[in-house]
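> This is a predicted model, with the sequence first.
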Amino acid sequence: MRFIPHTNDDIAAMLEAIGAASIDDLLAPVPEKLRAQAAIGLAAGLSEAQVVAELEEMARKNTGAFAAANFLGFGCYRHFAPAIVRAIIARSEFATAYTPYQAEASQGTLQAIFEFQTLITQLTGLEVANASMYDGASATAEAVLMAQRLAPVRRRVAVSRALWPDYRETLRTYLSGSETLELVEVAFDPAAGSTDLRQLTAMADDDLLCVVAGYPNAFGVVEPLGEIVEIAHRAGALAIAVTAEALALGLLKAPGDLGADIAVGEGQSFGLAQSFGGPGVGFMAARMAQVRQMPGRLVGETRDLEGRRAFCLTLATREQHIRRGRATSNICTNHSLCALAATVYLALVGRQGLRRLAERNVELAYNARERLQAAGLRLRFSGPVFNEFTLTLPGLASRLASAEASGILCGVALERWYPELRDTLLVSVTEANRATEIDRLCAVLSGDEDHGNRQASA
Amino acid sequence: MATAKLAPEQIHEKAAAGSQTESSNQPLIFECSVRGKMGVDLEPAHEREPRGAEILGPDLCRDDLPGFPELSEPEVMRHFLRLSQLNFSPALQFYPLGSCTMKYNPVVNDELAGLAGFAALHPLVPAAMAQGALELMARLEAALAAVTGMDAVSLHPAAGAQGELTGLLIARAHFRKRGEHRGKVLVPDTAHGTNPASCRLAGFEVVVAPSNRHGFLEAAEIRSLLDPTVAALMVTNPNTLGVFEPEILEIAEELHRNGSLLYMDGANMNALFGVAQPGQMGADILQLNLHKSFSTPHGGGGPGAGPVAVKRELEPFLPVPRVKRETDGWVLDYDRPDSVGRLRAFHGNFAMLVRAYAYVLALGANGLAQASQLAILAANYVRARLRAVFPPATEAPALHECVLTHDLEQRTGVTTLDIAKRLLDFNIHPPTIYFPLVVPGALMIEPTETESRATLDEFVAAMKRIYAEAEKEPETVKQAPHSLRLRRIDEAQAARHPILRWTSRGSG
């Protein structure tokens, strides 16, 4: 086995130092009955070349990765990532290290995470961000649990139905261990596609713990976050803004500037591959007054013995390895390397680039929307959007199936999660979509496929 | 120039910040930033300015991203490469962090996870267009079941702690389905901190189960703690002392007789390949850490993956979706009424699953068994060679890791922390320290199978030298490290005056 450095002589010398006759002797603490049944029912090991061949074969079967046109979004987005992002996260110095418990030996990871925390506070308009969470969905659940620690007497959690279904389900699972919290869904306005503010107002009383809404939401609609915050605050509740398309924060008003108390989300758009949905990188930001109720790791600035700037993990008394059963969360391993990827990405794209890219996404989505409307398709929701929008299209399922046959992924049919949204398609358009893809989309959805093929080949 | 606009007091602050920067390792990315630079060419230069802000209007849009970095591509590259040089890592150093299994991470696996067919795959493509990914998941599930002796595996959880939470919620769902109210989970005093934290999150009350003076659980002790309200015992085996729980079969029997479940934390699975299967030990629920035993990189703290494995009876409670075989291929099954639900978006940390599967294929049954045997050999070798100065915390035999102690603190004032910091001067990453909590001043050492005898000998020599130094010149050890760019870092100050981000007026 090529990963094993021990020769037979090494093994013999080591056994001698131990005073054991064989490796079998070292296994003596394991009951014989268990050892007898421990054989692994797997084939023998393969060479590197064989492993590569086998996995390349499996990768090729994922034809969805090579689609001619692809407009899937709904929480995972296709964006261009500069090569440097991959080069940096492939560095063994970053990739193979673990949690930076030994600060003196981990300044690279620690400083990069301190930079990540800073970038997230800048994007969210809040004061403190943690070192990362698993993903946007679990970060949302952790945000609600954090809200509960901040206001333990309140019991009701109002979640917009226009929040991603995966996020709502994750929240339900995380809260299933709690006997005290009650999860209530707030409907969305059937015309605008944003959270129904009247219904939210009606349930905002002194038992309301927090309001959770997407920004933009699952339909791509930019929620009136300022008004949602106001309704929550009037009832003394917290407002939690959730962003799955983090690029939007490069252009939209920062959640913190609109009064949100906690901003969480998914940073996959910042340089991370789609990878069939993971790993991405969850983020969480809040105000400094609430930092002691925050879950997850935090990197802080300090000094070494000689007064030089240094970084280390801090406020660890919130965490499981110190506080055990009374910790703010059970999270230990987080998504540090993905946070590094996001940091490299944001450093490259930078202050001007991020806004420009966000603006371009909006423009491309609106242009595509106009073209589809001009081709006779009907918009489902009227609210302002970032880079995703919804269409209503009779006979959607068969239309999608025939498009898939020609390698076109038109978007996500929402009915599976929203029975009330029959024949509704969510289309995500980013800078990664070529103009010819949009031609094909228009053609295939408007039923003029010959036209689309002509345009695509022109 | 932007600096021309600074007020005098800001210039003073900038100068002060500059002087700090000079003496430290590498300025923050924000301090390297200069107005007007950009590290990407986003689109053809002739493209006109995007109109997004105009379309959405000023009510929805922010003005700017003040303080956001502005650098060229080569500057970004240099910044992060320089940061990379400030890390110790298992690729460069011996890194015997106990309970973390810092084994070699095969580079080819990273390359495979980056294949376009995996990396560019959206999680919501139709199943027919993701057959390779689904097949890989199904095969990895089967392989993990074969290794652990469990019946069904879900690859859904993002990390070990999330796997623990999933497993505990499965236990909860199981008892709810049976109409039983069991609110307590027994957790040994040697357990990882995530165990009690996960119990609380899952709504269980934690009852601490004391280990005996050899560091293991006794069946009689467990029996005395059992009553009809106990849902499970959560046990790590081998435990955090590296000791195989000798009474595990009796303990499992006691639990099952009481109608309780045996939850096994698989963090230490690296000791067990081909040695013993959790399923045969009586484990009903098990979580694995693919970033430990299955070689996926630790990433400076993650991402990992924390699959959860169960016995057949508990399979209906696994998270959604499940990979399922139908006549015309693999599909994702969401229609699982008894499932605990989902704990994250989509289907798992797939890129880590690709790496783990490649690892299992490369090792196969023979390679995995060899890995555990040699991991056990390495830990016992270090334990034997250091015994005279750093005696083991328990005389119970060790498997893949060992916990050592010392008498230096009473005799010389040199603490375990000092020893750890001094190891850095020998270009060795310290072991896990002060854990498990039941051992004062513990040094928890897990060498893994991929470190050579020569490396282990260097470690042993360094530890012996530090011991000698502590007796002769304790200040050398107490002041360590001496050879890194920074001296000992003041962690207390970081907690007293938290500075958790950079601001344009200096960090604050």
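Alright, I've got the coordinates. Residues are numbered from 1 along each chain as shown, chains lettered A, B, ... in the order given.

> shaky segments in the stretch 101-250 of chain B?
Within the stretch 101-250 of chain B, no range satisfies pLDDT under 70.

> For it, which segments count as strands?
B:152-154, B:184-188, B:205-209, B:230-236 (DSSP state E, counting those that start in this stretch).

> and the shortest one, how far out from the chain's middle?
Looking back up the chat, that one is strand B:152-154. Strand B:152-154 sits 20 Å away from the centroid of its parent chain (CA atoms, centre = their mean, to the nearest Å).

> Not counting its neighbours along the chain, what's nearest residue B:91?
Spatial nearest neighbour of residue B:91, excluding adjacent residues (CB to CB, 6 or more residues apart in numbering or on different chains): residue A:92 at 3.4 Å. Just so you know, the C-beta spots here come from the backbone N, C-alpha and C atoms, and that holds for glycine as well.

> Was I right to think that neighbour contacts residue B:93?
No. Residue A:92 is beyond contact range of residue B:93, at 10.8 Å (criterion: CB atoms under 8 Å).

> A strand includes residue A:241, no?
Yes. With DSSP: H, G, I helix; E, B strand; the rest coil as the criterion, residue A:241 is assigned to a strand.

> what separates the residue nearest to it when sequence neighbours are not counted from residue A:47, distance-wise?
Once flanking residues are discounted, residue A:241 sits nearest to residue A:255: 3.7 Å by CB to CB, 6+ apart. Distance, residue A:255 to residue A:47, using CB to CB, to the nearest Å: 51 Å.

> So for those two, which residue has more residues nearby?
residue A:255 (29 against 11; other CB atoms under 10 Å in any protein chain shown).

> which residues touch that one?
A:124, A:125, A:126, A:215, A:225, A:241, A:243, A:249, A:263 (CB atoms under 8 Å, 6 or more residues apart in numbering or on different chains).

> And it, which helix or strand is it part of?
Taking DSSP states H and E as the definition, one finds residue A:255 inside no helix or strand.

> so where do the helices sit in the stretch 201-350 of chain A?
A:225-234, A:320-323, A:336-374 (DSSP state H, counting those that start in this stretch).

> didn't residue B:65 look like it was pressed against residue A:357?
No. Using CB under 8 Å as the test, residue B:65 is too far from residue A:357 to be in contact (11.7 Å).

> hey, what's in contact with both of the two?
Shared contacts of residue B:65 and residue A:357, defined by CB under 8 Å, 6+ apart, comprise residue A:250.

> ok, how many other residues are close to residue A:39?
A count of nearby residues for residue A:39, using other CB under 10 Å, gives 12.

> Apart from its chain neighbours, what residue comes closest to it?
residue B:274 is the one closest to residue A:39 (CB to CB, 6+ apart), at 6.7 Å.

> tell me the domain ranges of chain A?
Chain A breaks down by automatic domain parsing into domains covering A:64-81+A:352-457, A:84-344.

> Chain B too?
Following automatic domain parsing, one finds the domains of chain B at B:107-363, B:364-494.

> Pick the most deeply packed of these.
Of all the domains of chain B, domain B:107-363 has the most neighbours on average by mean count of other CB atoms under 10 Å in any protein chain shown, namely a mean of 23.

> how about low-confidence regions in chain B?
Scanning chain B for pLDDT under 70 picks out the ranges B:1-24, B:44-46, B:506-508.

> For residue B:83, grab the count of nearby residues.
25.

> I misspoke; the intended subject was residue A:68.
14.

> can you map out the helices along the stretch 51-200 of chain B?
Counting by DSSP H, counting those that start in this stretch, the helices of the stretch 51-200 of chain B are B:52-56, B:73-84, B:107-113, B:116-119, B:131-148, B:160-177, B:194-201.

> quick one: is the third one near chain A?
Yes. Shown here: helix B:107-113 in contact with chain A (CB under 8 Å from any CB of the partner chain) through B:107, B:108, B:110, B:112, B:113.

> helices or strands next to that helix in the packing?
Judged by 3 or more CB pairs under 8 Å, 6 or more residues apart in numbering or on different chains; DSSP states H and E, the packing partners of helix B:107-113 are helix A:48-60, helix B:350-386.

> Please enumerate residues in contact with it?
A:48, A:51-52, A:55-56, A:59, A:90, A:92, A:95, A:275, B:118-119, B:295-297, B:351-352, B:354-355, B:358-359.

> Could you export it as PDB, CA atoms only?
Output of helix B:107-113 as PDB, limited to C-alpha atoms (Å, rounded to 0.1, in the frame of the first residue of the first chain):
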ATOM      1  CA  VAL B 107      -3.700  14.300  -3.400                       C
ATOM      2  CA  VAL B 108      -5.300  12.400  -6.200                       C
ATOM      3  CA  ASN B 109      -8.600  12.400  -4.300                       C
ATOM      4  CA  ASP B 110      -8.700  16.200  -4.400                       C
ATOM      5  CA  GLU B 111      -8.200  16.000  -8.100                       C
ATOM      6  CA  LEU B 112     -11.000  13.500  -8.500                       C
ATOM      7  CA  ALA B 113     -13.400  15.600  -6.500                       C
END
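
> where does chain A dip in pLDDT?
Across chain A, the ranges flagged by pLDDT under 70 are A:448-458.

> The same query, at a cut-off of 50, please.
Along chain A, segments meeting pLDDT under 50 span A:452, A:456-458.

> Which residue would you name as the spatial centre of it?
Residue closest to the average C-alpha location in chain A (CA atoms, centre = their mean): residue A:266, at 2.9 Å.

> Report the beta-bridge partners for it.
For residue A:266, the beta-bridge partners are residue A:282 (DSSP bridges).

> Does it touch residue A:120 like I think?
No. The pair residue A:266 / residue A:120 is not scored as a contact, 12.0 Å apart, by CB under 8 Å.

> shared neighbours, these two?
Common contacts of residue A:266 and residue A:120 (CB under 8 Å, 6+ apart): residue A:283.

> which residues touch residue 376?
You didn't pick a chain, so chain A it is. Contacts for residue A:376 (CB under 8 Å, 6+ apart) come out as residue A:446.

> that answer is for a different chain, and I need it for chain B
Contacts for residue B:376 (CB under 8 Å, 6+ apart) come out as A:23, A:26, A:27, B:271, B:275, B:398, B:399, B:400.
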